[in-house]
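> Build me a model from this:
(chains A and B)
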Amino acid sequence: MHLDCIRKFMIDYISNLLNFLYSTVDFLEDKKLVTKINKSNINIDFASKSKRGDVSSNFYLIVNKKIIDSKYNLKKFLSDQISKLTFIEKFEISDTGFININFKKEYIIDHLKKIIKINSNYGNSQYGKNEKINIEFVSANPTGPITIAHLRGAVLGDVLGSILEKSGYLVTREYYVNDSGSQIDILSNSLYKRYQQLYKFEINIDENEYPGEYLIEIAKKIKDDYGDIWLDEDKKKTNNFFKKFAIENIIKDIVYDLNLLKIKFDIFSKESEIVNKNLIEEVFSILKDKNLLYEGYLDKPIADDSENWESRKQLLFKSTQIFDDRDRAFKKANGEWTYFANDAAYHLDKYKRNFDKLINIWGADHIGYIPRMRSVVSAITNKNDYLEILNCQIVRLIKDNQILKMSKREGNFISLKQVFNLVGKDPLRYFMISTRSETSMDFDLNKVVQKNKDNPVFYCQYAYARVSSVINKSKELGITIDSFSEYENIKNYFSNEEIEIILKLISYPFILYQSAKFKEPHRLINYIEDLSSTFHSFWNKGKENESLRLIDKENITKTQSKLVWLSAFRIVLKNIFEIIKIEPTESM
RNA sequence: GCGCUCUUAGCUCAGCUGGAUAGAGCAUCGGUUUUCUAAACCGAGGGUCGCAGGUUCGAAUCCUGCAGAGCGCGCCA
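Take a look at the predicted model:
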């Protein structure tokens, strides 16, 4: 239940109240006035839209049910107790049973001051207790440039990493490079053909090979650096060289492209190195010891309508015994390890690097792969929740009301770089995490390109710019809060609208905590849109009502009071922008 | 056929893990600029929360069934 977390980690403006409610429960239970109460059902709602108080609680509703003596007047007892709380200005117990509470303004302002003091660390928590957490994401095969198919997972992983860092985790961002296997051989061969073409050999790229033009560029590099020496070289040597060259250059491009979006990795793990470390044998013996391997036959896959299916004896992993709905091949019939076996070994490698937890971010096309991976990791680590796999649904790309279909094979994919050039970093990052990752998403190129209110990222940046503009303008007038010490008076200058904004500001740590706990960055987006909207709304009220304007040259203390919450506002927005990695623009 | 994910306003999506009258943006219609940035604001219309049961003081939220959509379902990688 999240209330325990509030108490442990943050929002002491709520935790005082919560402690009071809990101790009231204890008291009532001790006096045998109520039957046993499950405290986790008691809720404090501090972002309620009903707005019948700064916060509200269902305490009365829950406790009233548990009263033993029906003549006992809980309402009166509760009212007497709440009246004694020094930080509460007023309260009511509504007919429907909710307690609505308004805090004293001094109390709220105390917390506001803290924001300015803590500044860029505001919102951070120790929720993660310095646990080492590994996020593996993107991990696109090094067979071509990174495309927009990887975009969502890329931004999600990066932002989630930042959220977890702010929440007290030690985060490693990792990219797994699938640099071995038959696809890489095909890649190498495709590259060699492009190389030969540069020397006017008439060679066609076959249907199952990689036709993309990027290989021509790489082939040119080889020609420039090495000339024609590979035309007559030993075949094996040539193949190895082209393989290595292709992967190195493609990864270099991938790193470059991701960097356009400010996405960086701490480590690139290569499949080839995992293979060389003999980790597969280790996984093999772990599974063998647990009696999770056997020689058997797989059923014919249902999706396969071909007639040439042949049932063959091979080594299988009993994943059904853990999470999966069918057993999975661990060795091919010819005795080679399967890709899955490699992947299991890779996860053993991560486990051996002493992470407390692993997170994988996978696209929708790997959904079916999740149960076997979780099964094998569970078998290796003896922990069911050691590996958490977040899956993100596809992004449909829409242009001119048409869904763009992509196929890597036909070479008509849209690269990340193309979309970046079209849209730019900020809208791209913002949009990719603005909805829950499990929801499939439509990405309308026409709309995102627009730099107007269709594009919510500008809406938030605009709020930041407006706030900055006031702060900067005040500074020009010589008004700052650098040596401001009259905090006890500032409440006199705050309207209800401003108190509302301040309440939102002091609930930010909880929003961040929730984003970390549920691994849902989009909660931050909802929050800043709400915050920005409240601000813009307030701003415009100043047009009609001059007393709501922020700068008053005649009244320095009043202006400074405003600057206190404006500074806090700017800090919160800036901290979130930093997590999302979009630019805090002071003027637009 | 099986598995995972999803279904909320005309469209794109939230809904704080069970609370009070279900909310934004876009689109539509109507208003607001001698003013700290109108890239903004205010107002109006628009809903059987896919359908049907169940759990309880209380359900968009939890459970079951059904329908629909997306993705996946070699020993490929």
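
> Which secondary structure state is assigned to residue A:236?
helix (DSSP: H, G, I helix; E, B strand; the rest coil).

> isn't there a strand covering residue A:90?
Yes. Counting by three-state DSSP, residue A:90 is found in a strand.

> mind listing what it touches?
Applying Cβ atoms under 8 Å, 6 or more residues apart in numbering, we find residue A:90 in contact with A:101, A:102. Placement of C-beta: from N, CA and C, glycine included.

> and it, what are its bridge partners?
Note on residue A:90: beta-bridge partners residue A:102, judged by DSSP bridges.

> what's the distance between it and RNA strand B?
Per Cβ to the nearest atom of the strand, to the nearest Å, residue A:90 is found 14 Å from RNA strand B.

> And residue A:426, by the same measure?
Distance from residue A:426 to RNA strand B, by Cβ to the nearest atom of the strand: 11 Å.

> Skipping adjacent residues, who's closest to that residue in space?
Of all residues not flanking residue A:426 in the chain, residue A:582 sits nearest, at 4.2 Å (Cβ to Cβ, 6 or more residues apart in numbering).

> So the one you found is in contact with residue A:456, correct?
No. In terms of Cβ atoms under 8 Å, residue A:582 does not count as a neighbour of residue A:456; the distance is 11.2 Å.

> Between those two, which contacts overlap?
By Cβ under 8 Å, 6+ apart, residue A:582 and residue A:456 have these common neighbours: residue A:430.

> When the two are compared, which one has more neighbours?
More crowded of residue A:582 and residue A:456, by other Cβ atoms under 10 Å: residue A:582, with 22 against 17.

> so that one, which of the three states?
coil.

> Quick check: pLDDT value at it.
On pLDDT, residue A:582 comes in at 93.

> repeat for residue A:445
Per-residue pLDDT puts residue A:445 at 73.

> State the distance from the closest residue in space to it that isn't next to it in sequence to RNA strand B.
Nearest non-adjacent residue to residue A:445, counting by Cβ to Cβ, 6+ apart: residue A:399, 4.5 Å away. Going from residue A:399 to RNA strand B by Cβ to the nearest atom of the strand gives 14 Å.

> for residue A:251, same thing?
Counting by Cβ to the nearest atom of the strand - residue A:251 and RNA strand B are separated by 14 Å.

> That residue contacts residue A:177, doesn't it?
Yes. Applying Cβ under 8 Å, one finds residue A:251 in contact with residue A:177, separated by 6.5 Å.

> tell me, what's touching these two both at once?
Common neighbours of residue A:251 and residue A:177 (Cβ under 8 Å, 6+ apart) are A:142, A:268.

> all helices for the stretch 101-250 of chain A, in order.
Assigned by DSSP state H, counting those that start in this stretch, the stretch 101-250 of chain A shows helices spanning A:105-118, A:151-166, A:182-198, A:214-226, A:235-260.

> Comparing residue A:251 and residue A:177, which shows the higher neighbour count?
residue A:177 (20 against 17).

> Grab the nearest non-local neighbour of that one.
Leaving aside its sequence neighbours, residue A:177 sits nearest to residue A:270 (Cβ to Cβ, 6+ apart; 4.7 Å).

> and the one you found, what are its phi and psi?
The phi and psi values for residue A:270, taken as degrees, to the nearest 10, are phi -100, psi 140.

> Verify the stated contact: it with residue A:174.
No. Using Cβ under 8 Å, residue A:270 makes no contact with residue A:174, being 11.4 Å away.

> So those two - more neighbours on which side?
residue A:174 (24 against 18).

> If the more buried one is in a bridge, with which residues?
Bridge pairing for residue A:174 - DSSP bridges - gives residue A:136, residue A:267.

> what's near enough to touch the residue nearest to residue A:444 when sequence neighbours are not counted?
Excluding the flanking residues, the one nearest residue A:444 by Cβ to Cβ, 6+ apart is residue A:398, at 4.6 Å. The contact partners of residue A:398, by Cβ under 8 Å, 6+ apart, come to A:404, A:442, A:443, A:444, A:445, A:446.

> Quickly check: the strand or helix carrying residue A:350 near RNA strand B or not.
Element membership for residue A:350 (DSSP states H and E) is helix A:339-352. Yes. Interface with RNA strand B: helix A:339-352 contributes A:339, A:340 (Cβ under 7 Å from any atom of the strand).

> Remind me what that helix packs against, helices and strands.
With contacts taken as 3 or more Cβ pairs under 8 Å, 6 or more residues apart in numbering; DSSP states H and E, helix A:339-352 sits against strand A:267-270, helix A:271-276, helix A:279-289, strand A:357-363, helix A:370-381.

> want to throw these into TSV with mean pLDDT and distance to RNA strand B?
What follows is the helices and strands packed on helix A:339-352, written out as TSV (pLDDT from 0 to 100; distance: least, Cβ to the nearest atom of the strand, whole Å):
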stretch	mean pLDDT	distance to RNA strand B
strand A:267-270	96	12
helix A:271-276	92	7
helix A:279-289	95	13
strand A:357-363	93	7
helix A:370-381	94	6
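
> Out of those, the one nearest residue A:42 is which?
strand A:357-363 (30.1 Å; Cβ to Cβ).

> So residue A:396, which state does it fall into?
Residue A:396, by the three-state scheme (three-state DSSP), is strand.

> can you pull up the bridge partners for it?
According to DSSP bridges, beta-bridge pairing links residue A:396 with residue A:442.

> Please determine how far it is located from residue A:114.
Computed as Cβ to Cβ, to the nearest Å, the residue A:396 to residue A:114 distance reads 44 Å.

> cool, residue A:21 as well?
Counting by Cβ to Cβ, the gap from residue A:21 to residue A:114 is 23 Å.

> Residue A:336 too?
With Cβ to Cβ as the criterion, residue A:336 and residue A:114 are 60 Å apart.

> can you pull the pLDDT of the residue lying closest to residue A:283 once chain neighbours are set aside?
Distance criterion Cβ to Cβ, 6+ apart; nearest residue to residue A:283, sequence neighbours excluded, is residue A:344 at 4.8 Å. If you check residue A:344, the pLDDT there is 96.

> I appreciate the help and will end here.
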